[in-house]
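# Give me the fold of what follows.
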Amino acid sequence: QGHLVESGGGLVEPGGSLRLSCAASGFFFAATEMSWYRQVPGKERELIATIGLDGRGRDFADSVRGRFTISRDNTKRTMYLQMSSLKPEDTAIYFCYAAVEGFGPRGGPWGQGTQVTVSS
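Residues are numbered from 1 along each chain as shown. You can find the predicted model right below:
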């Protein structure tokens with residue numbers, strides 16, 4: 001069914017950078033589109049970006065386009081989110097998601113989330 005573990009979150013000052021990682025197991029990673037989402041209390045989970053099988057990112061949220069980069073390393077079964085020029089409004093729990101075949105929309109495996117806090 002699949003298992004995802006995020007890491008790399010933490011506290012960073014505005015204008016700083018962080019790189020999140022999502023380690024995957026239990027499914028054919030190289031054949032699975034992957035996405036990053038984020039959520040703040042009281043709001044719906046927001047799609048940040050998706051990376052296709054060809055390694056190209058798409059579906060970037062307007063709020064992060066040009067600042068965040070999504071990538072993957074199939075040999076390491078890991079997806080990354082490089083976040084730059086961070087703003088306080090980027091503070092959220094960040095989740096990775098695997099669009100494993102056979103599940104409905106957002107029905108595939110999710111990670112447990114990693115907290116990102118942008119504050120001085």
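# ends of stretch 91-109, how far apart?
Taking Cα to Cα, to the nearest Å, stretch 91-109 runs 23 Å from one end to the other.
# Would you map the strands across this protein?
Assigned strands in the chain, in chain order: 3-7, 10-12, 18-25, 34-39, 46-51, 57-58, 68-73, 78-83, 92-98, 114-118 (criterion: DSSP state E).
# In contact with the residue nearest the centre of the chain, which residues?
In the chain, the centroid-proximal residue (Cα atoms, centre = their mean) is Trp36; its distance is 2.5 Å. When contacts are counted by Cβ atoms under 8 Å, 6 or more residues apart in numbering, Trp36 touches 20, 22, 47-49, 70, 79, 81, 94-97. Quick note: C-beta positions are derived from backbone N, CA and C, even for glycine.
# about what we covered before: could the strands of the chain go into JSON lines alongside distance to Arg106 and mean pLDDT?
Formatted as JSON lines, the strands of the chain follow (distance: least, Cβ to Cβ, whole Å; pLDDT from 0 to 100):
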{"stretch": "strand 3-7", "distance to Arg106": "13", "mean pLDDT": "97"}
{"stretch": "strand 10-12", "distance to Arg106": "26", "mean pLDDT": "98"}
{"stretch": "strand 18-25", "distance to Arg106": "16", "mean pLDDT": "98"}
{"stretch": "strand 34-39", "distance to Arg106": "9", "mean pLDDT": "98"}
{"stretch": "strand 46-51", "distance to Arg106": "9", "mean pLDDT": "97"}
{"stretch": "strand 57-58", "distance to Arg106": "17", "mean pLDDT": "92"}
{"stretch": "strand 68-73", "distance to Arg106": "17", "mean pLDDT": "98"}
{"stretch": "strand 78-83", "distance to Arg106": "16", "mean pLDDT": "98"}
{"stretch": "strand 92-98", "distance to Arg106": "7", "mean pLDDT": "98"}
{"stretch": "strand 114-118", "distance to Arg106": "18", "mean pLDDT": "98"}
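# Just send those back as JSON lines, with distance to Pro105 too.
Formatted as JSON lines, those follow (distance: least, Cβ to Cβ, whole Å):
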{"stretch": "strand 3-7", "distance to Pro105": "17"}
{"stretch": "strand 10-12", "distance to Pro105": "31"}
{"stretch": "strand 18-25", "distance to Pro105": "19"}
{"stretch": "strand 34-39", "distance to Pro105": "11"}
{"stretch": "strand 46-51", "distance to Pro105": "11"}
{"stretch": "strand 57-58", "distance to Pro105": "16"}
{"stretch": "strand 68-73", "distance to Pro105": "19"}
{"stretch": "strand 78-83", "distance to Pro105": "19"}
{"stretch": "strand 92-98", "distance to Pro105": "10"}
{"stretch": "strand 114-118", "distance to Pro105": "23"}
